[in-house]
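[1] Curious how this folds, go ahead:
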Amino acid sequence: MIPLLKRWFRRAKFDAPGVYLDPSVQILGMDSVEIGEGVVMGEQSWLNVNHRGGDTKAIVIGKFTFVGRRAFFTSGSRITVGPYCVLGPECHFLGAAHSFSDPFKPSLVAGVTDTGVIDIGANCFLGARASFLADCHVGFGSVIGAAAVVRGTIPPLSLAVGNPARVIKRYDVAGARWVHADALPSGAGFPSEEEYLATLSKLDGQCRHFSKSARIAASSCLGSL
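    Just a heads-up that it's a prediction; the model follows:
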């Protein structure tokens, strides 16, 4: 009964249609979190808003995004994950850290940083155990390899791997293929993010259907196939 009550309360709190949060998901600072239509969030994920009560949302997850099991979000200023993303299991979004400016103060009471921003663009695929550090930006349509550690900026339509993550491929829009990052034609054109989103939104009906069937991949409480 308690898991059912938890699920009902969170559905009421996040009123976008089709949202599914596994009963084990924990959110600290719920009023500072925004979750879009059709988001599915896997079991044992934890969203932690360190600085609450502001006028803007500290963690925003866009529509039709699948969050794999055991994801961890800890926000500084803001964490934004765009729509249509897929997050593999155990992705970490480390927007804040305990302050260590005074090593003579216990870490438990030293405070938490509040300026870090993490911005993940639309339709990114984030591999299992990828980590995203404060003040990083991943452009739309990008793929981040498993266990990568991302800092700084990854441009749109990139494939990045490693620690620190480095771009090894870019998508050649004109040629409709992935190419080595150094082989991208000079002056290659990319759509704006608005144009890219307009193309993705044409498949919202399919996304709406698939987000329902994807729930079983997020929750062991739904059994096996």
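[2] what residues are up against the residue most central in space within the chain?
    Centroid-nearest residue in the chain, with CA atoms, centre = their mean: residue 81, separated by 3.9 Å. Residues near residue 81 by CB atoms under 8 Å, 6 or more residues apart in numbering: 60-62, 65, 67, 87, 93, 120. The way it works is simple: take the backbone N, C-alpha and C, and place the C-beta from them, glycine included.
[3] and it, what pLDDT?
    With respect to pLDDT, residue 81 scores 98.
[4] Please apply the same query to residue 225.
    Confidence at residue 225, expressed as pLDDT, is 81.
[5] Spatially nearest residue to it, not counting backbone neighbours?
    residue 216 (6.8 Å; CB to CB, 6 or more residues apart in numbering).
[6] Quick check, that neighbour in contact with residue 222.
    Yes. Counting by CB atoms under 8 Å, residue 216 touches residue 222, with 4.7 Å between them.
[7] Which ones among the contacts of residue 81 map onto strands?
    Mapping these onto strands (DSSP state E) picks out 60-61, 67, 87, 93, 120.
[8] Any regions of the protein where pLDDT drops low?
    Along the chain, segments meeting pLDDT under 70 span 1-13.
[9] quick one: the helices in the protein?
    Secondary structure of the chain by DSSP state H: the helices cover 2-13, 193-201, 204-213.
[10] ok, the residue nearest to the centre of the chain to residue 49 distance?
    14 Å (CB to CB, to the nearest Å).
[11] Same question for residue 85.
    20 Å.
[12] Equivalent analysis for residue 190, please.
    Taken as CB to CB, the span from residue 190 to residue 49 is 33 Å.
[13] go on, residue 25?
    Remark: distance between residue 25 and residue 49 (CB to CB) = 14 Å.
[14] go on, residue 27?
    8 Å.
[15] Likewise for residue 178?
    From residue 178 to residue 49 the distance is 36 Å (CB to CB).
[16] Surely residue 97 touches residue 113?
    Yes. Counting by CB under 8 Å, residue 113 is a contact partner of residue 97 at 5.3 Å.
[17] Need the residues touching each of those two.
    residue 134.
[18] out of those two, which sits in the busier spot?
    More crowded of residue 97 and residue 113, by other CB atoms under 10 Å: residue 113, with 17 against 14.
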